[in-house]
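# Build me a structure from this.
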Amino acid sequence: MSESISSVALRVRGYHLDGYGHVNNARYLEFMEEGRWAFFDEHSRLINQLKQSGKAFVVVNLNIDYRAAAVQGDDLNVLTGMIEVGERSAICHHRIVREDGVLVAQADLTFVLLDLQANKAAPIEGDVRVALTELLVGKEAFSA
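Predicted structure coming up:
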């Protein structure tokens with residue numbers, strides 16, 4: 001698997017479950033956020049570039065495809081990476097895989113850069129663009 005893709009392991013706990021005994025759909029958002037934090041921990045250059053430029057990532061769209069139920073005790077692996085960088089937005093891909101290799105969920109998260117001083121969206125340019133572009137992978141890299 002590509003070094004541009006981060007991986008974080010999670011175990012499904014009882015508090016993750018809904019009344020049907022499987023992971024509540026909203027919990028997958030938290031699992032994916034944990035994946036993004038791990039991604040940024042592993043790629044600190046990107047975060048440093050953001051801080052230096054006075055920018056922050058802001059989520060503007062999230063599309064989740066739920067594929068299989070996860071239940072208490074399941075060990076999950078959350079894979080996270082950048083798959084597209086545009087002029088004004090970029091897309092982060094998440095894939096949640098159960099220990100037995102079953103795809104549980106996948107998502108594409110679109111974000112923009114927020115200029116923290118002006119409080120408005122900013123173009124993706126300069127060192128931040130370079131850092132993001134260097135991390136790009138194709139979706140096929142998530143299953144390799």
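# ok, the nearest residue to residue 111 once chain neighbours are set aside - contacts?
Excluding its sequence neighbours, the residue lying closest to residue 111 (C-beta to C-beta, 6 or more residues apart in numbering) is residue 57, at 4.7 Å. No exception for glycine: its C-beta is placed from N, CA and C like everyone else's. Listed by C-beta atoms under 8 Å, 6 or more residues apart in numbering, the contact partners of residue 57 are 50, 111-114.
# Same question for residue 37.
Contacts of residue 37 (C-beta under 8 Å, 6+ apart): none.
# So it, which state does it fall into?
Three-state call for residue 37 (DSSP: H, G, I helix; E, B strand; the rest coil): helix.
# Please tell me the pLDDT value assigned to it.
Looking at residue 37, its pLDDT is 93.
# ok, residues contacting the lowest-mean-pLDDT helix or strand in the chain?
The least trusted helix or strand in the chain, going by mean pLDDT, DSSP states H and E, turns out to be helix 44-53, with a mean of 87. Contacts with helix 44-53, where a contact means C-beta under 8 Å, 6+ apart, come from 40, 56-57, 113, 126-128, 130-132, 135.
# Mark which of those are buried, thanks.
Among the contacts of helix 44-53, those that count as buried by neighbour count (16 or more other C-beta atoms under 10 Å) are 57, 113, 128, 131-132, 135.
# Now for those: which two are most distant?
Using C-beta to C-beta, the pair of the buried ones among the contacts of helix 44-53 lying farthest apart is 113 and 135, separated by 14.8 Å.
# Near residue 58, how many other residues are there?
As a burial measure, residue 58 scores 12 neighbours (other C-beta atoms under 10 Å).
# before we move on, what about the one 3 residues further on?
Counted by other C-beta under 10 Å, the residues lying close to residue 61 total 11.
# my guess is it is in a helix, correct?
No: checked against three-state DSSP, residue 61 lies outside a helix; its state is strand.
# May I have the beta-bridge partners of it?
Taking DSSP bridges as the rule, residue 61 bridges to residue 110.
# Check it and give its pLDDT.
On pLDDT, residue 61 comes in at 97.
# Same question for residue 144.
Residue-level pLDDT assigned to residue 144 equals 62.
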